[in-house]
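[1] Okay, sequence plus prediction incoming.
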Amino acid sequence: MSRADMISAAGRAVSRRAVLAGLMAAPFVHRAGAQAGWPAQVIKFVVPFTPGGSTDILARVLAQKLEPVLRQSIIVENRPGAGGSVAATAVARAEPDGHTFMMGHIGTLAFNPSLYPNLPYDPVADFAPVALVATVPNILAVHPALPVRSFAEFVAHAKANPGKLNYGSGGVGSAAHVAGAYLGFAAGYDAVHLPYRGTGPMVNDLVAGVIQFTLTGGPAVLPLAASGQLRTLAVSSRARVPFAPYLPTVAESGIANFEAVQWYGLVAPAKVPAAVVARMNAEINALMDSPEVTRNLQNDGALAVKTTPEAFGAHIRAEIGVWREVIRRAGIKAGA
């Protein structure tokens with residue numbers, strides 16, 4: 001199959017994400033009482049990655065805001081490994097008493113079924129969707145020493161130096177890996193992928209100049225760009241984002257229909273009481289209505305989202321199908 005055919009097919013797959021917009025308009029659950037006595041102990045938010053990345057940042061923001069509302073402490077536990085599979089498996093097998101949740105991510109819930117042939121958990125069957133919390137458009141960030149100041153210059157430079165540029169991600173099959181690989185074959189350049197054990201270490205090496213670029217969530221790179229340690233060139237969403245309106249989209253910069261947006265949402269073990277899910281969903285949606293929370297998320301490169309648990313579940317199922325084809329055509333395999 002030709003490169004043009006790969007780009008067209010992948011573009012069609014990703015463009016299907018527009019269909020999911022209707023899910024965001026679903027009616028929201030009203031705030032209501034949960035199961036009697038809940039929460040009865042400390043609540044745990046498990047993050048499948050190392051500290052410092054987008055998933056970790058968002059989980060900590062959510063925990064901080066929910067603690068006074070739920071009148072219970074919420075601890076954030078980082079359990080990295082196997083593209084998030086270590087944490088996801090642990091949460092799937094946890095006691096479904098409403099005290100253990102996972103900050104799910106596009107990689108853990110949508111990519112991994114296509115990356116791991118013997119995945120030890122089922123993203124659909126093993127979890128109860130609670131709430132889609134935020135979307136995080138990926139930002140193309142480069143080291144300032146790279147002689148490019150626009151997306152077009154970046155692509156031209158990458159094409160003129162095949163195999164000489166390194167791009168980093170938080171690991172094989174991570175959101176930054178999939179997005180970076182997709183951008184490479186969509187734009188027609190070859191670059192070398194260097195996986196790290198988490199977004200934080202990867203960004204540290206990007207700042208140090210060990211790698212030249214990344215396409216990752218805004219929370220990890222925008223503050224560093226503001227301080228001059230990195231340079232940002234484009235955003236991967238279909239429309240420009242309010243927290244960085246100066247950044248053109250990849251699509252408007254010449255790669256038609258390109259979109260690669262991360263998303264994050266809270267899930268619980270499958271048999272958690274429905275009343276707990278409803279209460280947590282209602283409280284999270286209420287937070288997403290808060291101008292302070294919305295502003296704080298935007299400051300970290302994220303966009304607040306509200307859904308019902310049912311709509312979030314439909315979103316997960318649709319995303320598994322959307323990205324399966326992209327991952328196959330990009331040739332990404334776990335452990336590669």
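    Received, thanks. Given the structure is predicted, the values throughout are model-derived calculations rather than measurements.

[2] In CSV, list the C-alpha atoms belonging to the helix or strand where Met102 lies.
    Element membership of Met102 [criterion: DSSP states H and E] is strand 100-105. Backbone C-alpha positions of strand 100-105 (Å, rounded to 0.1, in the frame of the first residue of the first chain) are rendered in CSV as follows:
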residue,chain,number,x,y,z
THR,A,100,-10.5,2.8,44.1
PHE,A,101,-10.6,4.5,40.8
MET,A,102,-8.2,4.9,37.8
MET,A,103,-7.5,8.1,35.9
GLY,A,104,-8.0,6.4,32.5
HIS,A,105,-6.4,7.6,29.4
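
[3] Report the rounded mean pLDDT for that strand.
    Mean pLDDT, strand 100-105: 96.

[4] Okay, now the sheet partners of that strand, with direction.
    Strand 100-105 sits in its sheet next to strand 43-47 (parallel), strand 261-269 (antiparallel), going by DSSP bridges.

[5] Can you say which of those strands is packed in most?
    Sort the strands paired with strand 100-105 by mean neighbour count, taking mean count of other C-beta atoms under 10 Å, and strand 261-269 sits at the top with a mean of 25. C-betas here are computed from N, CA, C, even on glycine.

[6] quick one, helices of the stretch 201-336 of the chain?
    218-226, 274-288, 291-299, 309-330 (DSSP state H, counting those that start in this stretch).

[7] hmm, back to that, what's the distance between the strand holding Met102 and the middle of its chain?
    12 Å (C-alpha atoms, centre = their mean, to the nearest Å).

[8] cool, stretch 293-303 as well?
    Stretch 293-303 has its C-alpha centroid displaced from the chain centroid by 14 Å (C-alpha atoms, centre = their mean).

[9] quick one: buried residues of it?
    For stretch 293-303, the buried set under the neighbour-count rule, 16 or more other C-beta atoms under 10 Å, comprises 293-294, 297-298, 300-303.

[10] Pick the one among those residues closest to Arg238.
    The closest of the buried residues of stretch 293-303 to Arg238 turns out to be Leu303 (C-beta to C-beta; 12.3 Å).

[11] Leaving out chain neighbours, which residue sits closest to the closest one?
    Thr135 (5.0 Å; C-beta to C-beta, 6 or more residues apart in numbering).

[12] in a helix, that's where that neighbour is, yeah?
    No - assessed with DSSP: H, G, I helix; E, B strand; the rest coil, Thr135 is strand; it does not lie in a helix.

[13] All set now, cheers.
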